[in-house]
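1. Starting from these lines, generate the structure:
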Amino acid sequence: MMPNSTSKPAYPAWLEDAIFYQIYPQSFYDSNADGIGDLPGILQKLDYLQNLGVTALWINPCFDSPFQDAGYDIRDYYKVAARYGTNNDLSALFSAARQRGMRILLDLVPGHTSIDHPWFKASCQPQANTYSDWYIWTGSAWDWDVPGFRAVSGLADRDASYLTNFFYFQPALNYGFAAPDPAKPWQQPVDAPGPRQVREEMRKVMRFWLEMGASGFRVDMAHSLVKNDPDFREMKRLWRETRAWLDRDFPEAVLVSEWSNPTVAIGAGFHLDFLLPFGTPGWGALLRKPYTPGPARDPYGFSFFDRSGHGNIREFIDNYLQHYTHTRDQGLIAFPTGNHDVNTRLSIGRDADDLKLIYLMILAMPGVPFIYYGDEIGMRTVQGLVSKEGAYDRTGIRTPMQWDASASAGFSTARPDQFYLPLDPDPARPNVAAQEANPESLLNHVRHLAALRRQHPALHASAGFKPLYAEPGRCPFVFLRSSGVEQIIVAVNPSDRPAEVELDDSFFPATQGTTLYGSPDALRHQGDKWQLSLPPISGGLYRLS
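-> Below you'll find the predicted structure:
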């Protein structure tokens, strides 16, 4: 049975005030002058991250790989890629982070490996062996067309085609089929020997890194493992069994899914699931609307955080509440500023004032916020870059972190032409050093909001949440957070015009509001009403008493 509010806590207590920071390791900080970020580089920047106010890191794949897909094509699950360092470097990073009260999640890629993985090479052999059924092979090399799947033929002497989980070089590991087709005996049930062995091996991988010091995993394509499972019946069973094992052997470990359907993912046993544009349209409606897959996608549409003030907050809040009401007793929603797969950075089409307001909302919402590296200084999407390691139109949001105003942006002492990706060429590109020196910078604003979130229980992950004013095409958006006797009103006005709203005090019995952040005196109690008046592009946190 999944934990609920009447039994043990639904997630480790450290998530209550957690703020995550996502690191794309090859682009964060290079410690050895080869132009590629690495694990010792992350260790050297832990003080910066601690001062930012983050309490946990998610590191994109750092395992041995041929890097055809930026590390999501794993060649050895038990070995750190040489370009990032060694297993000892990762162990040292775990230890140094814990000394600072920080935790680290690794990126688990359970659905597929690289074609260079020894398991797959053995599986390619015509002769039956231990790994023959660790991948999904069809009945013949002439099975080129497999409806509903991608199949690759002719790579091996084995008389079969293999199914992929993403690109052609990422063969799908075999977790079985929820409803095998009797006419296709190569579709094995989930309890067949091959699928059972794959599940056992993946749990060994998880145990290996958890025992070394990892605090959990973000799970890539978490919904993709079991095939022919439209209602996710077997997929849920797999993850619930994994969760039960973690609860028993590693109760402080956290599972975060890339599912983008919190109702399903958290019900399947994950502690957190992301709001992302390819699954939860509310995220796109709030920050990036419309999100249209394919080459015609619009990088900046008419979202709620648009200065016109005509974005429809209901498109966000209705979608959000659908998941929030179904999951609040089981797990948490992860609210990201962006990530390595969202092809535009948060800053596109926005200035620092817009970004400060977005951070106010993200850091005041329920669940757990995730900051994509560089978003805290307003790094921009670099346009026109040639694809690197399978990035394609996502390349421009994976460029080197900008630490200072030097020619190399403080990322590396290598020549810039040796960098993993080119820097933002704009001489005025934002950087950490300049913003640390400016009390009004976006960076210092994020630090301040992160501190407020940690200090106030009403802003923690599971504190109460109630929308107070959310009207389509209108500003502001106002909501109440509460924990025990503490109540905090959160208000955001992204419009370039002033916004006013009257709130009934029956929602929150109080007669005085103390400004924690934002426009002073914006909230006033008059009679049995609260008057909220916000200047253009502004917001605030108001503690009631």
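2. what about the nearest residue to residue 193 once chain neighbours are set aside, is that helix, strand or coil?
-> Using Cβ to Cβ, 6 or more residues apart in numbering and skipping residues adjacent in sequence, the residue nearest residue 193 is residue 133, 6.5 Å away. The C-beta positions use only the backbone N, C-alpha and C, and glycine is treated the same way. Three-state assignment for residue 133 (DSSP: H, G, I helix; E, B strand; the rest coil): coil.
3. Residue 133 against residue 175, yeah?
-> No. Counting by Cβ atoms under 8 Å, residue 133 does not reach residue 175; the two are 11.2 Å apart.
4. of these two, who's got more company?
-> For the pair residue 133 and residue 175, the greater number of neighbours falls to residue 175 (26 against 21), based on other Cβ atoms under 10 Å.
5. isn't that one right up against residue 190?
-> Yes. The pair residue 175 / residue 190 is scored as a contact, 6.6 Å apart, by Cβ under 8 Å.
6. list residues touching both of those two?
-> 226, 238 (Cβ atoms under 8 Å, 6 or more residues apart in numbering).
7. residue ranges with poor pLDDT in the protein?
-> 1-9, 290-301, 507 (pLDDT under 70).
8. care to break it down by domain?
-> 13-110+195-454, 112-172, 464-544 (automatic domain parsing).
9. gap between the two ends of the first one?
-> Okay, so that is domain 13-110+195-454. For domain 13-110+195-454, the first and last residues are 13 Å from each other (Cα to Cα, to the nearest Å).
10. ok, the residue nearest to residue 129 when sequence neighbours are not counted - contacts?
-> Distances taken as Cβ to Cβ, 6+ apart place residue 122 nearest to residue 129, at 5.5 Å, with adjacent residues excluded. Applying Cβ under 8 Å, 6+ apart to residue 122 gives the contacts 129, 130, 131, 132.
11. Could you do residue 197 as well?
-> With Cβ under 8 Å, 6+ apart, residue 197 has these contacts: 130, 133, 134.
12. any chance of the residues you listed in JSON lines, plus distance to residue 19?
-> Compiled in JSON lines, these are given as follows (distance: Cβ to Cβ, whole Å):
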{"residue": "130", "distance to residue 19": "44"}
{"residue": "133", "distance to residue 19": "43"}
{"residue": "134", "distance to residue 19": "38"}
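13. so which of those would you say is closest to residue 333?
-> residue 134 (34.0 Å; Cβ to Cβ).
14. quick one on the thing from earlier: could you check the distance from the residue nearest to residue 129 over to residue 156?
-> As judged by Cβ to Cβ, to the nearest Å, residue 122 and residue 156 stand 11 Å apart.
15. who touches both of those two?
-> With Cβ under 8 Å, 6+ apart, residue 122 and residue 156 have no common neighbours.
16. Could you check which helix or strand contains residue 22?
-> Element membership for residue 22 (DSSP states H and E) is strand 20-23.
17. In the sheet, which strands lie alongside that strand, parallel or antiparallel?
-> strand 56-59 (parallel), strand 368-372 (parallel) (DSSP bridges).
18. now, of these, which is deepest in the fold?
-> Comparing the strands paired with strand 20-23 by mean neighbour count (mean count of other Cβ atoms under 10 Å), strand 368-372 comes out on top with a mean of 24.
19. How about residues contacting that strand?
-> Outside strand 368-372, the residues touching it (Cβ under 8 Å, 6+ apart) are 15, 18-22, 52, 54, 58, 272, 274, 332-340, 345-346, 362-363, 397, 446, 453, 461.
20. repeat that with 7 Å
-> Applying Cβ atoms under 7 Å, 6 or more residues apart in numbering, the contact partners of strand 368-372 are 15, 18-22, 54, 58, 272, 332, 334-339, 362-363, 461.
21. mind listing which of the residues you listed are in helices?
-> Counted as lying in helices by DSSP state H, out of these, are residue 362.
22. Show me the helices in this structure, by range?
-> Using DSSP H, helices in the chain cover 39-44, 46-52, 87-99, 118-123, 193-212, 233-249, 262-267, 281-287, 313-327, 352-362, 432-436, 442-455.
23. Minimum distance to residue 29: which of those has it?
-> Short answer: helix 39-44, nearest of these by Cβ to Cβ, at 3.4 Å.
24. and the closest one, which residues are buried?
-> By 16 or more other Cβ atoms under 10 Å, the buried positions in helix 39-44 come out as 39, 40, 41, 42, 43.
25. Just put those in CSV and tack on distance to residue 390.
-> Shown next, in CSV, are the buried residues of helix 39-44 (distance: Cβ to Cβ, whole Å):
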residue, distance to residue 390
39, 22
40, 25
41, 22
42, 22
43, 27
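26. Residue 477: which of those is nearest?
-> residue 42 (35.4 Å).
27. so the closest one touches residue 92, yeah?
-> No. If you go by Cβ atoms under 7 Å, residue 42 and residue 92 don't touch, sitting 10.3 Å apart.
28. if we can go back for a sec, generate TSV for the strands paired with strand 20-23, with distance to residue 510 as supplementary columns.
-> Shown next, in TSV, are these (distance: least, Cβ to Cβ, whole Å):
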stretch	distance to residue 510
strand 56-59	33
strand 368-372	26
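29. of all those, which lies closest to residue 99?
-> strand 56-59 (13.8 Å).
30. what about the closest one, distance to the chain center?
-> Mean-position distance between strand 56-59 and its chain equals 10 Å (Cα atoms, centre = their mean, to the nearest Å).
31. can you check stretch 444-454 too?
-> For stretch 444-454, the distance to the chain centre is 20 Å (Cα atoms, centre = their mean).
32. how about it: buried residues?
-> Neighbour count says stretch 444-454 has 444, 445, 446, 447, 448, 449, 450, 452, 453, 454 buried, by 16+ other Cβ under 10 Å.
33. of all those, which comes closest to residue 387?
-> Once Cβ to Cβ is applied, the member of the buried residues of stretch 444-454 that ends up nearest residue 387 is residue 446, at 30.4 Å.
34. Which residue, other than its chain neighbours, is closest to the closest one?
-> In space, residue 446 is closest to residue 376, 4.7 Å off (Cβ to Cβ, 6+ apart).
35. Same question for residue 175.
-> residue 225 (4.2 Å).
36. got the contact list for that neighbour?
-> Per Cβ under 7 Å, 6+ apart, neighbours of residue 225: 110, 111, 175, 235, 238.
37. distance of it from residue 219?
-> In terms of Cβ to Cβ, residue 225 sits 9 Å off from residue 219.
38. next one: residue 191
-> From residue 191 across to residue 219, the span is 22 Å (Cβ to Cβ).
39. Look at those two and report which has more neighbours.
-> Neighbour count, other Cβ under 10 Å: between residue 191 and residue 219, residue 219 has more, with 26 against 10.
40. Tell me the spacing between that one and residue 386.
-> 30 Å.
41. Test of understanding: give the bridge partners of the closest residue to residue 217 other than its chain neighbours.
-> Nearest non-adjacent residue to residue 217, counting by Cβ to Cβ, 6+ apart: residue 108, 3.9 Å away. Counting by DSSP bridges, residue 108 is bridged to residue 219.
42. so residue 108 touches residue 214, yeah?
-> No. Assessed by Cβ under 7 Å, residue 108 is found out of contact with residue 214, at 9.5 Å.
43. Please report how far residue 255 lies from residue 503.
-> Counting by Cβ to Cβ - residue 255 and residue 503 are separated by 38 Å.
44. Show me which of those two is the more surrounded one.
-> residue 255 (26 against 19).
45. what pairs with the more buried one across the strands?
-> residue 217.
46. my guess is it contacts residue 245, does it?
-> No. With contact defined as Cβ under 7 Å, residue 255 does not reach residue 245; the gap is 10.6 Å.
47. The nearest residue in space to residue 65 that is not next to it in sequence: neighbour count?
-> Closest residue to residue 65 apart from its sequence neighbours, by Cβ to Cβ, 6+ apart: residue 71 at 4.8 Å. Per other Cβ under 10 Å, the neighbour tally for residue 71 reads 26.
48. what residues are up against residue 71?
-> Contacts of residue 71 by Cβ under 7 Å, 6+ apart are 60, 61, 62, 63, 65, 81.
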